[in-house]
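Enquirer: dropping a prediction and its sequence here:
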Amino acid sequence: MHITNIKTGLISVPLRTPFKTSLRTIDSIKSVVVSVETDAGITGIGEAHPTGPITGESIGSVRGAIHEFMLPKLKGKEIANLEDTLNTLDSSMVKNTSAKAAVEMAIYDLFGKKYQIPLYRLLGGYRNQVETDLTISVNSPEEMARDSRIAIDRGFRILKLKVGLNPALDIERIMAVKEACGPMTVLRLDANQGWSAREAVKIMREIESEITGIELLEQPVLAHDLEGLRMVKESIETPVLADEAVFSAIDAEKIISMGAADYINIKLMKTGGLRGAMRICALAEMHNVECFLGCMMETKISVTAAAHLACARSIITRCDLDSPALCSTDPVHGGIEIEGPWLKVSEAPGLGIDHVDGIIWD
Ligand code: MG
């Protein structure tokens, strides 16, 4: 089974309500979909969601990377020789991690289809479902309390709150959510690099004095500020999760050796796909550092790949794969089954995606 072509297209999926963080508001998910075609007539599917502020990519750059650099190198490559094919993809260009992730997951999809095995079994087969949290958009404390109640009614047990602009208001927001949900709800905070280390310590100490049961604080300081991240980790009680600071296993190695974070957030769009993600898993296993599996604002295509990985590996103990649950429609037929917070992988080969509605092919 040899690669003959890679097609790219666009997909846009509307959200239930606008997704608001301290940095932006969006009302739909827009991603590049890739279809890797073979001489066996079987195709593999993948998705790149380019998040410019994090990976430096755009819809145009993903298309360019695939058509100018990846496709010419991959044409004719044998799917059965996964190692060689993925080495070729890796060395086709540096960075462009979301573009690589999309093509790579499509190649894994083909590999699974060729040998009639679901991706999660191929990668470890540890379990067949994982639980995700749900992100509550930044709004007034009252609105956030209401949205949190709706999430609880939908079955979610873990909520993620974006913080980082106004500490006094953040505390009010967290208090309102906590009150609306009761003690059984687990709260995660994500500051998305919004604070200096000193600010983070001051704000978190204040939060810790008012509220108990915050499970973790995600990426409080700038991605490159590892000393700051360690300072925060050592100065507060709440465990710290590194997100934007970790793209590769080399980044993870630095953070683990410095003791700069308690947990590591793996996202396929940062690692360049499953292989890069599994390198981080292997390193984290050696040091007994638990991992998260997160996503950008992706559709169910790439979240299916992420869920397969999360199901495969025991070191991934928590998931933040909520973007399909934020969508008002699901154009993806097959793939993971979503029931409230539970993402269940199927026994269909590869990613198990049958077809996707509404793709506008280039
Ligand atoms: Mg994050």
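Expert: On my side now, so go ahead. Residues are numbered from 1 along each chain as shown.
Enquirer: and the residue of the stretch 151-300 of the chain found nearest the ion, what pLDDT?
Expert: Nearest residue of the stretch 151-300 of the chain to the ion, counting by CB to the ion: Asp243, 3.8 Å away. (Each C-beta comes from the backbone N, C-alpha and C, glycine too.) Asp243 is assigned 97 on the pLDDT scale.
Enquirer: surely Glu218 and Glu244 touch.
Expert: No - if you go by CB atoms under 8 Å, Glu218 and Glu244 don't touch, sitting 9.1 Å apart.
Enquirer: can you check which residues contact both of the two?
Expert: Contact criterion CB atoms under 8 Å, 6 or more residues apart in numbering; residues shared by Glu218 and Glu244: Asn192.
Enquirer: more neighbours: these two, which one.
Expert: Looking at Glu218 and Glu244 with other CB atoms under 10 Å, you find the greater number of neighbours at Glu218, namely 25 against 20.
Enquirer: what ranges do the strands span in the stretch 101-250 of the chain?
Expert: 129-131, 134-136, 158-162, 186-190, 214-218, 240-242 (DSSP state E, counting those that start in this stretch).
Enquirer: equivalent analysis for the stretch 251-362 of the chain, please.
Expert: Using DSSP E, counting those that start in this stretch, the strands of the stretch 251-362 of the chain run over 263-267, 291-294, 316-320, 332-334, 337-339, 342-344, 353-356, 360-361.
Enquirer: mean neighbour count, mean pLDDT and distance to Lys100 added to these, as a markdown table?
Expert: Below are these laid out as a markdown table (neighbours: other CB atoms under 10 Å; pLDDT from 0 to 100; distance: least, CB to CB, whole Å):
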| stretch | mean neighbour count | mean pLDDT | distance to Lys100 |
| --- | --- | --- | --- |
| strand 263-267 | 25 | 98 | 13 |
| strand 291-294 | 25 | 98 | 17 |
| strand 316-320 | 21 | 98 | 20 |
| strand 332-334 | 18 | 98 | 21 |
| strand 337-339 | 15 | 97 | 26 |
| strand 342-344 | 18 | 98 | 23 |
| strand 353-356 | 16 | 97 | 19 |
| strand 360-361 | 9 | 98 | 21 |
